[in-house]
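K.L.:
okay, sequence plus prediction incoming.
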Amino acid sequence: MNQLIAISAIGNDRTGLVYDLTRVIVECGGNILESRMTALGNEFATLMLVSGDIVEYYFEVSDNDMLNHYKSTRSQKNIFKVPTLEELEKRAEQRNSDIKDRMEDAILQSQKLQKQIENMNKKLIEKEEIGWQEKQQLQQMIDKQEQLQQEIKDIQKENKEKSLQEQQYNETDPAILEKQQKLEEMFNQILPDEVKLMFEELKKLLEQVDKEKVQDMLEKMKMSNEDIEKQLDRDLEMFRQLEFEQKLQEAIDKLNKLAEDQKNISKETENTPKEKLEQIEKKQDELNDQFDKLRKDLDDLKKKNEELADPNKLENTDPLEQSIEQEMDDSKQQLENRNAKNASESQKSASGKMKELGNKLQNMQQEMEQENNAEDIETLRQILENLVDISFGQEELMNRLNTIGVNNPKYIQAIQDQKNLKDDLQMVEDSLIQLSKRQAAIQPFVMREISAINNNMGETIEALNNRTVPTAKSKQQYIMTSVNDLALMLAESMKEMESNMPMSGSGKSKSQCNNPKSGGGKSGKMKSLRQLQEQLNKQLGEMKNSMEKTGNKPGQQGNRKLSEQLARMAAQQEALRKQLQEAGEEMQKQGSGVDKNIKQMMQQMEQTETDLVNKRITRETMLRQQDIVTRLLESEKAEQQREQDQKRESNEGIDKQNINPAAFFEYNKIKQRESEMIRTVPPSLKPFYKKKANEYFLTFE
């Protein structure tokens, strides 16, 4: 599409005449349009340009000298070319690579700066006062810190520009767009305002030459850099995951478009005379080239998945890809032989397999997000339980310190218990860091809060070792308050994650823990499926109520969105059915037999899929869905019972009443006395018989 634009500009000529320069003329295909524009960028925005369009434009300036017929002058023509989709993808790929490299460099800079701060702190301990050399080294560290901050700002800016460029010419998936916005917010929170103020204070302290204050500020500076490093590491991992999800969505969209184009060419081939099949052959060549590029994209997708700290579970699609490629090659061969019928059949088969591959990738995408989100919620729930235990443990320890003195032997045990709480908190922190790399719902200030708790933990243990109990109790109060605040923050995050469960797109969320309580591993499979099924049932119920209130039906004109939602729900139900089938097959491999409920649930789910595909939600559908949840609950209980270890089964204690306790105790004393008497004078026996005698004596105990 070529368009010619004339943009007028504002100014005066030498004769004093004021130009009438608010007029913009757009010539497009011979039509002249007038608009009130003042910027070339705004004018381009009104043209609805798409990838590959070329625009020619020039500037025209006219005066208002009506008597001399409006003298004007025109600039030379310029060309603006909208990049093609392929060019946009290459640019995005390059920018993504640059951003990842810069983030990795920033992490290394932060690590080096932490080591320098640590060395400087050790050096200042040995010095009575700060000398000129130390001042210079401190100034160098401040300069490096400022460079790190500037690098982070540049990364933020580059990421924002990349997102805007992608949205300018491409229609971004709403779920991906939402994740991009969250990631931008996370980038913006890497450097909070208090960090910037801290370095300003450090500069002032260098002028005052206060050693103790400088040491305290350096310690805060080190903690701040540790937080920056953790946040950069987290953002880098989420950036990689977002890049993977975006590439996966692009591959799905390309497959669907290719399948539709191949289907259209199949119909065209069927109705085209032999002498005109050459044109169809060229179109088929283009589609073959596009599919070859798509296969390379899928290979690149697998590589990006392997770069993740916790790779997604991707199925092997190579056999299906090869089958599609074979069908497309066959259609090309048939076109060369001018066999329209066979070529059309091969094209139709290739189109169907492309659709199958697209659906397979889409189901894979939904399964990953739904299953992993459920696992992450369970992991977060376990973290919350651990935080509550730590809070109660800290409170109990505070109360204990009120009753024991520093010379009490139990005081040493109190110090050990405080260290145990610190170890427990470290485990919580590690789990939370891993979870935060997969879930954007975990806010950055949560990670800073747990760092503050760790700092108070260290100061508490130091105070306990120095026998300064009041200071220790004060720090313990800070710990307990912060742990409770952290639990509230995480509870809000869990609510957000649960509210996003039905929606596609909540970031990477594969649990790394195989603890049954955290939802990981095999033990939480049925529980996870039940929760997902309940979420789907809730959606169906809301949609049914909405349809009854408004009187809308999916088949009516204008209800395309409703039909799309039903189709999406059908895909979700299909994904749950496949997961249930995998669970049944896994049970069979383990030799525990197949749960009878599984077959019935799969049949019920298949009936629901049929209802949703046919765009109907009836009362029978909702009753069937509720029955599925009930059966899943039964299977969940059965699964828990199978996993119980019989060797560790607890038995209730039985109280035994003695008829004559005094006589019983006297009998035991006599028995023990006689046994000891025999042991003191052992008979001279051979080793074999001596061993037998000792075994006999053990029966008296």
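P.N.:
Looks like it came in fine. Numbers count the residues shown, from 1 in each chain.

K.L.:
other SSEs contacting the host helix or strand of residue 492?
P.N.:
Assigned by DSSP states H and E, residue 492 belongs to helix 469-499. Packing partners of helix 469-499 (3 or more CB pairs under 8 Å, 6 or more residues apart in numbering; DSSP states H and E): helix 340-401, helix 444-465. Bear in mind the C-beta positions are built from the backbone N, C-alpha and C, glycine included.

K.L.:
and that helix, which residues are buried?
P.N.:
469, 472-473, 475-476, 478-480, 482-484, 486-487, 489-490, 493-494, 497-498 (16 or more other CB atoms under 10 Å).

K.L.:
next: stretch 302-315.
P.N.:
For stretch 302-315, burial by neighbour count (16+ other CB under 10 Å) applies to 304-305, 308, 312, 314.

K.L.:
now do the helices in the stretch 551-700 of the chain.
P.N.:
560-589, 596-613, 619-643, 661-680, 687-698 (DSSP state H, counting those that start in this stretch).

K.L.:
how near is residue 225 to residue 236?
P.N.:
16 Å (CB to CB, to the nearest Å).

K.L.:
same question but for residue 242, I mixed them up
P.N.:
Distance from residue 242 to residue 236, counting by CB to CB: 11 Å.

K.L.:
and residue 601, by the same measure?
P.N.:
Counting by CB to CB - residue 601 and residue 236 are separated by 41 Å.

K.L.:
out of these two, which sits in the more crowded spot?
P.N.:
Set residue 601 next to residue 236 and count neighbours by other CB atoms under 10 Å: residue 601 wins out with 26 against 20.

K.L.:
so the more buried one makes contact with residue 580?
P.N.:
Yes. Using CB atoms under 8 Å, residue 601 is in contact with residue 580, at 6.1 Å.

K.L.:
just the pLDDT for residue 285.
P.N.:
pLDDT recorded at residue 285 is 90.

K.L.:
what about the helix holding residue 492, average pLDDT?
P.N.:
Mean predicted confidence for helix 469-499 is 86.

K.L.:
after it, which helix or strand is next?
P.N.:
Next element after helix 469-499 (DSSP H and E): helix 525-550.

K.L.:
quick one: that following helix to helix 469-499, angle?
P.N.:
For helix 525-550 against helix 469-499, the angle by axes from the mean of the first three to the mean of the last three CA atoms, to 10 degrees is 60 degrees.

K.L.:
give me the angle between helix 525-550 and helix 619-643.
P.N.:
For helix 525-550 against helix 619-643, the angle by the same axes, to 10 degrees is 170 degrees.

K.L.:
helices and strands around helix 525-550, which ones?
P.N.:
Identification of packing neighbours for helix 525-550 by 3+ CB pairs under 8 Å, 6+ apart yields helix 340-401, helix 560-589, helix 619-643.

K.L.:
could you dump those helices into JSON lines and include mean pLDDT and distance to residue 605?
P.N.:
Listed next are the helices and strands packed on helix 525-550 as JSON lines, based on pLDDT from 0 to 100; distance: least, CB to CB, whole Å:
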{"stretch": "helix 340-401", "mean pLDDT": "87", "distance to residue 605": "14"}
{"stretch": "helix 560-589", "mean pLDDT": "78", "distance to residue 605": "4"}
{"stretch": "helix 619-643", "mean pLDDT": "80", "distance to residue 605": "7"}
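
K.L.:
tell me which of those sits nearest to residue 152.
P.N.:
Of all the helices and strands packed on helix 525-550, helix 340-401 sits nearest to residue 152, with 27.2 Å by CB to CB.

K.L.:
tell me the angle the helix or strand where residue 213 lies makes with helix 340-401.
P.N.:
Here residue 213, judged by DSSP H and E, is contained in helix 211-270. Interaxial angle of helix 211-270 relative to helix 340-401 (the same axes, to 10 degrees): 160 degrees.

K.L.:
among the buried residues of stretch 302-315, which are in helices?
P.N.:
If you go by DSSP state H, those have 304-305 in helices.

K.L.:
which of the buried residues of stretch 302-315 sits closest to residue 138?
P.N.:
Nearest to residue 138 among these, with distances taken as CB to CB, is residue 308, at 39.0 Å.

K.L.:
residues contacting the residue lying closest to the closest one once chain neighbours are set aside?
P.N.:
Nearest residue to residue 308, sequence neighbours excluded (CB to CB, 6 or more residues apart in numbering): residue 240, at 5.7 Å. Residue 240 makes contact with 100, 304, 307-308, according to CB atoms under 8 Å, 6 or more residues apart in numbering.

K.L.:
what of residue 620?
P.N.:
Going by CB under 8 Å, 6+ apart, residue 620 touches no other residue.

K.L.:
please determine how far it is located from residue 604.
P.N.:
According to CB to CB, residue 620 and residue 604 sit 11 Å apart.

K.L.:
what does residue 460 give?
P.N.:
Residue 460 is 56 Å from residue 604, by CB to CB.

K.L.:
looking at these two, which is more packed in?
P.N.:
residue 460 (26 against 18).
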